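Trainee: pasting a predicted model and its sequence here:
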Amino acid sequence: MTMIFVFIAALGLSLQALVGLAFLISCVWEKEKRATVFAGIQFLGMLGLLLVFFFLNRAGFFQTPVGLTLLVLGLVLAVLASFILLRKKGINPKALEGSKGLITGEVKRQDEREIVFARNRSLRPGSEQYDRFYSEHPEYEAFDTRRRKKGGPLGIPGAIDRPHEGPNIAGTLASVSIPVHLSTPDKVKPQISPPLKKNKITLTPNEATERVKGYARHLGADLMGITEINPLWIYSHRGEIFHENWEDWGKEIVAEHKYAIVFAMEMSFELVGAAPHSPTVIESMRNYARGAYIATQLAAYIANLGYPATASHLRHYDAVMVPLAVDAGLGELGRLGYLITKEFGPRIRLGAVTTNLPLIPDKPVDIGVQDFCKICKKCAVCCPSNSIPLGVQTEVNGTLRWKLNDETCFDYWGKIGTDCNICMRVCPWSHARTFPHRLIVTSVSRNRIARRLFSVMDDVFYGKRPKAKAPPKWAQFSSG
Ligand code: SF4
Ligand code: SF4
């Protein structure tokens with residue numbers, strides 16, 4: 001019997017040391033200096049424990065009553081710790097209701113004209129729309145006038161990296177042009193292709209779901225889910241104008257489709273790691289371009305099956321993306337105001353296609369984000385413009401959430417010339433999905449004690465205010 005206990009303990013300690021080694025390799029690969037030091041110390045400790053164990057076994061210690069008692073005690077503690085950290089504990093039933101679980105009062109549909117981007121990008125001083133908007137909403141005018149002077153969403157693009165931002169801004173602007181090209185009416189609301197007109201394709205909802213998801217994956221979507229659309233998340237009025245189609249400004253947006261296929265593209269861990277410097281904005285725009293590419297082709301695919309479909313991407317949104325993504329089971333809403341997914345954390349961009357093609361909806365998920373965010377607060381601590389609340393969730397337009405101050409956030413973008421993304425970079429869910437991080441996310445998404453433990457460990461290993469990392473050489477910004 002002692003031999004069996006010794007074998008199990010040796011196996012457990014070896015596995016632990018292997019996971020420790022994997023974590024050390026992961027930290028080196030992630031270029032995380034501080035975490036590499038701590039992971040190295042941790043690995044040496046595990047290795048030392050294993051060597052002491054083998055030494056004691058060789059010396060016959062575990063054959064003695066004291067040695068055997070300690071061995072059994074160690075095994076019981078190890079089993080107990082694994083059980084405590086991996087069992088499903090701390091379920092949030094509200095998360096399983098999706099966006100409905102966030103609703104606590106009367107929700108007014110969001111008017112796209114009031115979005116900070118639409119106000120600053122679309123409204124031109126002296127235009128009829130400008131005068132109309134600010135006569136109805138004088139509360140925005142002073143901020144918008146001041147912000148507009150800084151220029152576009154990014155102010156002076158790459159200002160934070162001057163004078164070495166040139167190539168990175170060239171890359172950013174190269175990608176920006178793609179969603180603009182793909183936002184004309186024929187692209188966002190495609191018609192059936194002429195050769196297919198006589199052959200409407202019949203598919204069961206199961207078949208259609210499989211086809212649509214397979215095609216979206218083939219086009220490059222990293223995550224996808226389907227939801228029946230809650231009309232509350234459809235914008236009430238159009239506010240973003242990109243093709244001089246001013247007749248659309250202020251038009252009511254009608255919820256004409258039953259389903260949304262929501263998809264996410266993973267953003268590069270390496271480029272987001274340099275946030276708030278210019279490599280991160282190349283990556284944001286590359287993924288918005290990917291989103292436009294996927295959304296417009298997926299909409300055309302569905303139109304060719306004989307059903308109406310509309311693409312939602314950076315230059316044409318009919319709906320607010322995050323609640324749709326929550327309902328489609330892609331993840332949960334985090335403190336930083338973004339969707340947090342189990343696979344990539346908030347390190348994603350979202351796109352969608354709405355349609356009446358009958359599909360099978362997915363279910364919302366509970367991955368422990370709301371509970372984790374209550375303890376963590378790292379994004380709020382690190383936000384340079386204090387735009388993320390440190391306190392508890394409050395009711396905003398009938399929903400209980402942490403309210404991002406999009407005005408101060410947007411103002412900060414204008415100052416640094418990028419879309420910042422510090423909150424995305426420092427979020428513990430954003431780590432590269434190496435094997436050890438997958439293991440941690442599995443534990444965190446199941447268990448509330450693990451959330452507390454790993455939130456503290458994240459601070460220890462990565463620091464309370466993790467620093468930006470050097471980007472790959474082609475995207476460097478500081479050495480000319
Ligand atoms: S993008 Fe930057 S400024 Fe905006 S909320 Fe995140 S950390 Fe704060
Ligand atoms: S940094 Fe922490 S508090 Fe902020 S969204 Fe991520 S997990 Fe939540």
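Mentor: Alright, I've got the coordinates. Ligands and ions are numbered 1, 2, ... in the order given.
Trainee: which residues touch A432?
Mentor: By C-beta atoms under 8 Å, 6 or more residues apart in numbering, the contact list for A432 reads S26, W29, E30, F269. (Glycine included, C-beta is placed from N, CA and C.)
Trainee: mind doing that once more with 6 Å?
Mentor: Contacts for A432 (C-beta atoms under 6 Å, 6 or more residues apart in numbering) come out as E30, F269.
Trainee: how close does it get to ligand 2?
Mentor: As judged by C-beta to the nearest ligand atom, to the nearest Å, A432 and ligand 2 stand 15 Å apart.
Trainee: tell me the secondary structure at that residue.
Mentor: coil (DSSP: H, G, I helix; E, B strand; the rest coil).
Trainee: which other helices and strands contact the helix or strand bottoming out on mean pLDDT in the chain?
Mentor: Here the helix or strand of the chain ranked lowest by mean pLDDT, DSSP states H and E is helix 65-86, holding a mean of 89. Packing contacts for helix 65-86, counted by 3 or more C-beta pairs under 6 Å, 6 or more residues apart in numbering; DSSP states H and E, involve helix 2-29.
Trainee: tell me the mean pLDDT for whatever helix or strand comes next after the helix it packs on?
Mentor: The helix or strand immediately downstream of helix 2-29 is helix 33-58, counting by DSSP states H and E. In this model, helix 33-58 has a mean pLDDT of 93.
Trainee: who are the packing partners of helix 33-58?
Mentor: helix 2-29, helix 448-462.
Trainee: what is the orientation angle of that helix with helix 65-86?
Mentor: 150 degrees (axes from the mean of the first three to the mean of the last three C-alpha atoms, to 10 degrees).
Trainee: contacts only, for L13.
Mentor: L50, F53 are the contacts of L13 under C-beta under 6 Å, 6+ apart.
Trainee: read off the pLDDT value for it.
Mentor: 91.
Trainee: I'd like to know how far it sits from ligand 1.
Mentor: On the measure of C-beta to the nearest ligand atom, L13 and ligand 1 end up 41 Å apart.
Trainee: now find how far off-centre stretch 292-310 is within its chain.
Mentor: On the basis of C-alpha atoms, centre = their mean, to the nearest Å, stretch 292-310 sits 24 Å off its chain's mean C-alpha point.
Trainee: ok, residues contacting the least confident helix or strand of the chain?
Mentor: Under C-beta under 6 Å, 6+ apart, the answer for helix 65-86 is F5, A9, G12, F61, F62, S443, N447, I449, A450.
Trainee: angle of that helix against helix 448-462?
Mentor: Using the same axes, to 10 degrees, helix 65-86 lies at 100 degrees relative to helix 448-462.
Trainee: right, and the helix or strand after helix 65-86?
Mentor: Next along the chain after helix 65-86, with elements defined by DSSP H and E, is helix 116-117.
Trainee: which other helices and strands does that next one contact?
Mentor: helix 406-416.
Trainee: how close does A221 get to ligand 2?
Mentor: Counting by C-beta to the nearest ligand atom - A221 and ligand 2 are separated by 23 Å.
Trainee: burial count for that residue?
Mentor: 22 (other C-beta atoms under 10 Å).
Trainee: again with the one 10 residues further on
Mentor: Using other C-beta under 10 Å, P231 has 9 other residues around it.
Trainee: looking at it, it is touching A255, isn't it?
Mentor: Yes. The criterion here is C-beta atoms under 6 Å, and P231 meets it with A255 at 4.1 Å.
Trainee: what touches both of the two?
Mentor: Joint contacts of P231 and A255 (C-beta under 6 Å, 6+ apart) do not exist.
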